[in-house]
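Q: what's the 3D shape of this:
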Amino acid sequence: MISGSHLAAFLVASFVIIIVPGPSVLFTLARGVAWGRAVAVLTVLGNTIGTFLLSLVIALGLGPLLSRSKTFSIVLQLAGGCYLLWLGYEALRHRQAHAKAMTTREGLRPSNFSVVRQGFTVGVLNPKSLVFFAAVFPHFVDRATGNDTVQLIIFGCIFSVMAFCSDATWGLIAGTAREWLSGSPHRLVVLRTIGGCVMCTLGVLIISSAVTS
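A: Numbers count the residues shown, from 1 in each chain. This is a model prediction of the structure:
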């Protein structure tokens, strides 16, 4: 069982990390602006599943080994950056058609499975989360109570739930703004363009970080 002091310290640290908008939040905002509240929340769901999977890797003892592998970290960053670039390119390439579909209620909205899958891919290919879990989580484990693996899994669950609530709130805000502006095709094109540019920018930043590391 996790002691109250260890749990309280973990909650504070997690809150500080989660409350600062990062790549996941920006990605969610882009999706919310492009497609609305439902897509934003489903994106967060997929991202959270990917994040929790990384926490399980840490809990099973692979995290420290993977976080020390520079080659693995670089490959992971390149893969994540390229995926974001592709999503941004697709958003920009189809922005006119998507804007028309949203105002005429045509069926070009991505499927729920596709949205969750894309969010999951972005979450699981986030090397910063892997390093964070490997470096920070172990400090909150109460060695005196034993069962370190169970404690790390609990920490992963708590962190994932907190991250989901925070990111989903950002997504709902972005989706609401998009719904409010949905009466204008031109504005939707602008919003779609902004979303695509944000995703492309994130991809470039992640790739640049990998190349210069």
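Q: and the residue positioned nearest the centre of the chain, how far is that from A144?
A: What sits nearest the mean C-alpha location of the chain, by C-alpha atoms, centre = their mean, is S24, with 3.2 Å. From S24 across to A144, the span is 34 Å (C-beta to C-beta, to the nearest Å). (C-beta placed from N, C-alpha, C; glycine too.)
Q: Over to T201?
A: According to C-beta to C-beta, T201 and A144 sit 46 Å apart.
Q: When the two are compared, which one has more neighbours?
A: Between T201 and A144, T201 has the larger neighbour count (other C-beta atoms under 10 Å), namely 15 against 7.
Q: Skipping adjacent residues, who's closest to the more buried one in space?
A: Among residues not flanking T201 along the chain, G88 sits closest, at 7.8 Å (C-beta to C-beta, 6 or more residues apart in numbering).
Q: and what of I206?
A: Per C-beta to C-beta, 6+ apart, closest to I206 is G81, 3.6 Å.
Q: you'd agree that neighbour is up against V211?
A: No - G81 is beyond contact range of V211, at 9.5 Å (criterion: C-beta atoms under 8 Å).
Q: higher neighbour count, those two?
A: The neighbour count for G81 versus V211, taken as other C-beta under 10 Å, is higher for G81 (23 against 11).
Q: In contact with that one, which residues?
A: The contact partners of G81, by C-beta atoms under 8 Å, 6 or more residues apart in numbering, come to 202-207, 210.
Q: what sits up against the helix or strand where the residue nearest to the centre of the chain lies?
A: S24 belongs to helix 23-35 when assigned by DSSP states H and E. Residues from elsewhere that reach helix 23-35, judged by C-beta under 8 Å, 6+ apart: 39-40, 43-44, 47, 51, 84, 88, 91, 98, 109-110, 115, 119, 122-123, 126, 128, 163, 166-168, 170-175, 177-178, 191-192, 194-196, 198-199, 202, 206.
Q: try 6 Å this time
A: 39-40, 43-44, 47, 122, 167, 170-171, 174-175, 178, 191-192, 195, 198-199, 202 (C-beta atoms under 6 Å, 6 or more residues apart in numbering).
Q: mind checking the SS state of the nearest residue to F155 once chain neighbours are set aside?
A: Excluding the flanking residues, the one nearest F155 by C-beta to C-beta, 6+ apart is F137, at 5.3 Å. Using DSSP: H, G, I helix; E, B strand; the rest coil, the structure places F137 in helix.
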